[in-house]
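K.L.:
The following comprises the amino acid sequence and a computationally predicted model.
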Amino acid sequence: MKTTSYEISKKLEEAGFSRQPFWIWTSEQCCAPYQTNLDGFRSYDFETLLDALKQTRKRIMIVGKSDNWGINFNYEFNKYSKENESLADTAGRLLLLLHEKNLIKF
């Protein structure tokens, strides 16, 4: 299972995103199971981030903000994906973008 990279994991944590992760990054090159007592940045799998994106979309629609930010999820996801990037990293970057635009709060 592919999880978020060290860079994306660090940015998500700094932004305040918090969900139950599978792994933590203890350094840029090493990660450990989340259940350990080591300190580090949480690493998230794609399914966890996708669920957060779905919940975010519902919250934005409920508070009456335009649905135009993510309109067509496939289009947005493809638009923000980078070559050779994991789906988890793309989802993480999309969540960070929404957070930076003050469309969501963690």
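P.N.:
That came through fine.
K.L.:
Residues contacting stretch 78-86, please?
P.N.:
Stretch 78-86 has contacts (Cβ atoms under 8 Å, 6 or more residues apart in numbering) with Lys2, Thr3, Thr4, Ser5, Phe46, Leu87, Asp89, Thr90, Arg93, Leu94, Leu97. For the C-beta atoms, the positions are set from N, CA and C on the backbone; glycine is no exception.
K.L.:
what's around the residue nearest to the last one when sequence neighbours are not counted, how many residues?
P.N.:
Distances taken as Cβ to Cβ, 6 or more residues apart in numbering place Tyr80 nearest to Leu97, at 7.0 Å, with adjacent residues excluded. For Tyr80, the number of neighbouring residues by other Cβ atoms under 10 Å comes to 13.
K.L.:
Tell me how far Tyr80 lies from Cys31.
P.N.:
24 Å (Cβ to Cβ, to the nearest Å).
K.L.:
Retrieve the pLDDT associated with Lys101.
P.N.:
pLDDT for Lys101: 83.
K.L.:
re earlier: what's the most distant pair in the contacts of stretch 78-86?
P.N.:
For the contacts of stretch 78-86, the maximum inter-member distance is 20.0 Å, found between Lys2 and Leu97 (Cβ to Cβ).
K.L.:
Point to the helix or strand of the chain where mean pLDDT is at its lowest.
P.N.:
When each helix and strand of the chain is scored by mean pLDDT, DSSP states H and E, helix 73-80 comes last, with a mean of 65.
K.L.:
thinking again about what came up before, of the contacts of stretch 78-86, just say which sits nearest to Ala52.
P.N.:
When those are compared against Ala52 (criterion: Cβ to Cβ), the nearest one is Leu94, at 9.8 Å.
K.L.:
Thought Lys54 was touching that closest one, still the case?
P.N.:
No. Judged on Cβ atoms under 8 Å, Leu94 makes no contact with Lys54 at a distance of 11.8 Å.
K.L.:
and these two? which has more neighbours close in?
P.N.:
Taking other Cβ under 10 Å, Leu94 and Lys54 do not tie; Leu94 has more neighbours (23 against 12).
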